[in-house]
Every structure is written in structure tokens, then in C-alpha cells.
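Asks: What follows is a predicted protein model with its sequence.
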Amino acid sequence: MAFTPFESANEENPSILLSDDGDVWTVPPGTTNPLRQKPAATGAFNSDTDIHIGPDGLLTLLYREYDDSPEYERLYIMKSADARTWTAPTLLMDSTGLTGGVPLKILSPAIVWDGAAYRMWAVRQ
């Protein structure tokens, strides 16, 4: 499971837990949460994670980085073979690229591999 615990105002950082039964959840052995720290910019934060196993067999974690000045969003992915060691974040897309420079909020993105391509669903605000 991937989540961004809301520990304090504007501090939601991607974290993961594992469960064998759906009742008891623990941090995977060798993993340190959060996987990403809060961005340094004032008014910036992480949120809205999604996790799945990609066609390459790797865990793929998606998360959103938001900056309120200027209003800007980025979606990043990180990959892992063992839930302990993760790649550096790779920019998947940003909000201005979707709209020709006009900020757009992309909330709660989720991606799936349909066997031929990735598909993404999100709340557009």
C-alpha cells in the first residue's frame, strides 16, 4: 500500500506499508518511510500516491508534487525491485504541459498497465 500520511499542514510524503492479511500493516523490512521528503519550496508538498507492479515486474510508485507559488504540479514515478531501494524520482508529467502553460490541478492520479499501454485516471480541478 502506498499513502501520504497527513502528519501536519502541507506535509504528506509518499510512504509504503505491506500486509499479508489486509489487517496488520508494517513497513517492509529495510524500508525507511517516507520515501520522499517534503519539497524545500515554501507552499510545496507531496500527496496522492499510487502503487502497482508494472509490466517490467517492478513496483512503480506515482506521487504528486504541488507548489502553490506559482501554482504548479508535477507527477513523478519511482521504481523498486524489492520495496527497499528506489530509483530517483522521474518526472512523468507536469500540469502546465497538459494545458499549454495554464495551471491545472491533477488530484488523486491512478495509473494501470492494460497490457499495451499505461492509462491514467485523475480528478481534474
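Replies: Looks like it arrived, so ask away.
Asks: I'd like to know which elements the helix or strand residue 110 falls within is packed against.
Replies: Assigned by DSSP states H and E, residue 110 belongs to strand 106-113. In terms of contacts (3 or more CB pairs under 8 Å, 6 or more residues apart in numbering; DSSP states H and E), strand 106-113 is packed against strand 44-53, strand 59-68, strand 71-80, strand 118-124. (C-beta placed from N, C-alpha, C; glycine too.)
Asks: got the ones you listed as TSV, with mean neighbour count, distance to residue 31 and mean pLDDT columns?
Replies: Shown next, in TSV, are the helices and strands packed on strand 106-113 (neighbours: other CB atoms under 10 Å; distance: least, CB to CB, whole Å; pLDDT from 0 to 100):
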stretch	mean neighbour count	distance to residue 31	mean pLDDT
strand 44-53	19	13	90
strand 59-68	21	11	90
strand 71-80	19	9	88
strand 118-124	13	25	85
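Asks: And residue 13, how close does it get to residue 72?
Replies: 18 Å (CB to CB, to the nearest Å).
Asks: cool, and residue 14?
Replies: Counting by CB to CB, the gap from residue 14 to residue 72 is 18 Å.
Asks: same check, this time on residue 38
Replies: In terms of CB to CB, residue 38 sits 16 Å off from residue 72.
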